[in-house]
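> Here you go, sequence then predicted model.
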Amino acid sequence: MPLTRETDFPANVEIIEVGPRDGLQREATLVSTDDKVALINALVEAGLKRIQVTSFVHPKWVPQMADAEDVCARIPKAPDVIYSGLALNRKGVERAHAAGLTTIDISVSASDTHSRKNANRSLAQALQEFDDMYALGREVGMTIRGGIQCAFGYLQVGDVDPATVIEIAQRHLDLGVDELALADTSGLADPVQITEMIDSVLPLAGDRPVILHLHDTRGLGLANVLAALRAGVSRFDTAFGGLGGCPFIEGATGNIATEDTVYMLHQMGIETGIDLSKLSRVTRDFERVLGSSSMPGKVYKLLASDAPRLAQAPAD
């Protein structure tokens with residue numbers, strides 16, 4: 001059946017920018033708090049309405065996120081923007097709440113091996129910890145996004161049973177999460193896997209949003225977005241410039257690039273509310289911060305010249 005704009009795709013898609021967290025977490029260059037705050041503010045100016053600003057993890061394991069509280073304290077909170085943080089344990093939820101965030105992303109890995117490397121817990125232990133994190137988040141009135149890492153595999157296709165993912169998804173939903181996120185942490189997914197998983201999960205979720213967190217490790221990121229759109233998903237995590245990747249998965253590369261994703265959606269007549277030229281300039285200017293001449297994304301290189309420049313961070 002041929003694709004048609006009117007029947008196959010949503011009119012609007014929500015883009016959730018995870019670059020300040022997932023995009024930066026494995027970068028060798030430590031980014032200053034000044035530059036992180038400038039980045040987040042510039043992303044808001046470009047039209048992003050949801051931004052994952054940091055993660056509350058031990059700085060020994062992810063040094064880039066050591067300034068989580070400072071970042072949260074210094075962001076001028078725009079009233080129409082949702083700022084969220086990632087937590088992998090109860091202490092992380094406590095820190096996020098104390099830092100003033102009202103939305104928390106908590107998740108477990110569907111791979112026991114990855115869970116032990118990423119969170120230092122078996123899957124069974126991580127699920128119990130998830131319950132504790134959820135209870136605390138609810139107690140303090142936070143909006144809770146429940147996530148499943150490695151939902152499409154860990155090191156190779158087939159090493160995570162889809163039935164395990166469905167079981168965890170149902171567990172999260174029964175608990176009462178406000179949103180459910182499925183992460184292709186290793187970038188193993190293909191359009192058929194995406195479609196099959198969404199067809200299984202959407203009926204379970206009912207009216208609760210399902211979000212896809214896609215990586216482009218094998219070049220299938222945008223193909224997977226297209227498959228997800230046709231299957232009924234309209235919310236996606238992306239990272240400016242295509243930065244990112246799990247530090248605990250060898251060879252894992254970046255998220256799908258925000259600019260590339262938005263460009264494709266706009267070309268298809270799907271609204272995002274994002275100014276692509278401004279966003280491309282933000283990414284181009286952040287090359288200076290990272291000391292890089294190029295990021296994995298493509299579109300920002302073509303469009304960056306037309307937008308105002310990101311303000312330089314104050315000198316130390």
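Here it is on my side, so go on.
> rest of the way, CA atoms for contacts and neighbours
Fine.
> any idea how far Met288 lies from Thr143?
If you look again at residue 288, you'll see it is Arg, not Met. 35 Å (C-alpha to C-alpha, to the nearest Å).
> who has more neighbours, these two?
Shown here are Arg288 and Thr143; by other C-alpha atoms under 10 Å, Thr143 has more neighbours (18 against 12).
> How many residues are close by the residue nearest to that one when sequence neighbours are not counted?
Closest residue to Thr143 apart from its sequence neighbours, by C-alpha to C-alpha, 6 or more residues apart in numbering: Thr103 at 4.6 Å. Other residues lying near Thr103 total 21 when counted by other C-alpha under 10 Å.
> Any chance you could list what contacts stretch 226-236?
For stretch 226-236, the external contacting residues (C-alpha atoms under 8 Å, 6 or more residues apart in numbering) are 8-10, 12-16, 191-192, 194-195, 198-199, 202, 209-214.
> Out of those residues, list just those in helices.
The helices, defined by DSSP state H, take in 8, 191-192, 194-195, 198-199, 202 from the contacts of stretch 226-236.
> can you pull up the bridge partners for the residue nearest to Thr143?
Ser84, Thr143 (DSSP bridges).
> Surely it is in contact with Leu86?
No - if you go by C-alpha atoms under 8 Å, Thr103 and Leu86 don't touch, sitting 9.1 Å apart.
> now the helices for the chain?
Assigned by DSSP H, the chain shows helices spanning 5-8, 33-45, 68-74, 90-98, 112-119, 123-139, 162-175, 191-205, 221-231, 258-267, 276-290, 299-303.
> Show me the shaky parts of the stretch 151-300 of the chain.
Within the stretch 151-300 of the chain, the stretches with pLDDT under 70 are 247-252.
> And for Gly158, the neighbour number?
Look at Gly158: counted by other C-alpha under 10 Å, it has 11 neighbours.
> and it, what does it touch?
Per C-alpha under 8 Å, 6+ apart, neighbours of Gly158: Phe152.
> So it versus Ala110, what's the distance?
According to C-alpha to C-alpha, Gly158 and Ala110 sit 12 Å apart.
> Please indicate which of the contacts of stretch 226-236 are buried?
Among the contacts of stretch 226-236, those scoring as buried are 9-10, 13-16, 191, 194-195, 198, 202, 209-214 (criterion: 16 or more other C-alpha atoms under 10 Å).
> residue contacts, the residue nearest to Asp80 when sequence neighbours are not counted?
In space, and not counting its chain neighbours, Asp80 is closest to Lys49: 6.8 Å by C-alpha to C-alpha, 6+ apart. Contact analysis of Lys49 by C-alpha under 8 Å, 6+ apart lists 15-16, 80-82.
> which stretches of the stretch 1-150 of the chain have low pLDDT?
For the stretch 1-150 of the chain, applying pLDDT under 70 flags the ranges 1-7.
> Try it again at 80.
Counting by pLDDT under 80, the stretch 1-150 of the chain shows low-confidence ranges at 1-8, 118-120.
> is it true that His182 touches Ile148?
In this structure residue 182 is Leu, not His. Yes - if you go by C-alpha under 8 Å, Leu182 and Ile148 touch, sitting 5.2 Å apart.
> Pull the number of nearby residues for Arg138.
By other C-alpha under 10 Å, 14 other residues sit near Arg138.
> wait, what's in contact with it?
Listed by C-alpha under 8 Å, 6+ apart, the contact partners of Arg138 are Ile144.
> What separation do you get for it and Asp178?
11 Å.
> Now list whatever residues contact both of the two.
Ile144.
> What's the local residue count around Ala119?
Neighbours of Ala119 using other C-alpha under 10 Å come to 18.
> Now it. Nearest residue, chain neighbours left out?
Leu88 (6.6 Å).
> For the one you found, the count of nearby residues, please.
Neighbour count of Leu88, defined by other C-alpha under 10 Å: 22.
> Can you list phi and psi of it for me?
phi -110, psi 0 (degrees, to the nearest 10).
> thinking again about what came up before, which one of the contacts of Lys49 is nearest Ala119?
Of all these, Ala119 sits closest to Ile16, with 23.3 Å by C-alpha to C-alpha.
> residues contacting that closest one?
Shown in contact with Ile16 (C-alpha under 8 Å, 6+ apart): 48-52, 235-238.
> can you do 6 Å?
Counting by C-alpha atoms under 6 Å, 6 or more residues apart in numbering, Ile16 makes contact with 50-51, 237.
> if I look at Val13, how far off is Gly232?
Shown here: Val13 relative to Gly232, a distance of 11 Å by C-alpha to C-alpha.
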